[in-house]
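In: Structure, please.
(2 chains)
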Amino acid sequence: MNVFGLMIPDAVIDAAVLVLILVGALLCLFAAIGLLRFRDVPSRLHAATKPQVLGLLLICLGIALSQRSIGGILLGLVLVAPIVLMQFATAPLSAHMVGRQAYRNGSIEQRNLVVDELADSKQTPPAAG
Amino acid sequence: MSILLGVIMVVFGVAALLTVIRIVRGPSILDRAVASDVLLTEVMCVLGAEMAINGHTRSIPVLLIIAAIGVFGSIAVARFVARRDNTTP
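Out: Next comes the predicted model:
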């Protein structure tokens, strides 16, 4: 028996894909709400980077799942894996760059910080880069 | 099913609208860079959702390119932003 040609019933696939996309869309909405409600740049980064990557992961799973047969789902997983890996690699990169520049820029609310481990480095001129 | 499709469209639209509001209002350019990044990822999510709903895989190269080079916008803005740009809150 050919396992890869096994078809999954259409109703199951459609319902699962729509639920995955709905959860991904809700995570996008939560990221946008956090972006609008939080007050300074690092808090907004916190809202911007995490929920959305998870939402994209769920939507990519939905893309793979919408291929309807076992072999198609495996091929879809192979196709969407580079997208998810690329997003996992680049989201912390941009968040790190923006967060560092936000700290040097002074767009952090100092009274919200419990401990400021970089306070000493602000006394000396920061290195370029 | 069509009700669920409508809910998905409304949720994506509201999320994009809130992000655009942050881009317009954002006090510093870093806020706008972060919000633009979120909007770009949301475009990726919408493209992926359209692919999954319609059952084709033609937009996967677009998703791959956006995921690969979308980060350069934030990095360039963060790298070359002025030391103090939010003197007027």
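
In: mind checking how far residue A:28 is from chain B?
Out: For residue A:28, the distance to chain B equals 4 Å [C-beta to the nearest C-beta, to the nearest Å]. Using the backbone N, CA and C atoms, a C-beta is placed for each residue, glycine as well.

In: Please disregard the earlier target; I meant residue A:82.
Out: 6 Å.

In: got it, and residue A:80?
Out: Residue A:80 is 7 Å from chain B, by C-beta to the nearest C-beta.

In: Give me the spatial nearest neighbour of that residue, chain neighbours excluded.
Out: Nearest residue to residue A:80 in three dimensions, chain neighbours excluded: residue A:60, at 3.9 Å (C-beta to C-beta, 6 or more residues apart in numbering or on different chains).

In: likewise residue A:70?
Out: Using C-beta to C-beta, 6+ apart, the closest residue to residue A:70 is residue A:6 (4.8 Å).

In: Just the pLDDT at that neighbour, thanks.
Out: Looking at residue A:6, its pLDDT reads 79.

In: Look up phi and psi at it.
Out: Main-chain dihedrals, residue A:6, degrees, to the nearest 10: phi -70, psi 120.

In: so which strand or helix has the residue nearest the centre of chain A?
Out: Nearest residue to the geometric centre of chain A (C-alpha atoms, centre = their mean): residue A:53, 1.4 Å. Using DSSP states H and E, residue A:53 falls within helix A:41-65.

In: Could I get the buried residue list for that helix?
Out: A:41-45, A:47-53, A:55-65 (16 or more other C-beta atoms under 10 Å in any protein chain shown).

In: That one - what's its average pLDDT?
Out: For helix A:41-65, the per-residue pLDDT averages 90.
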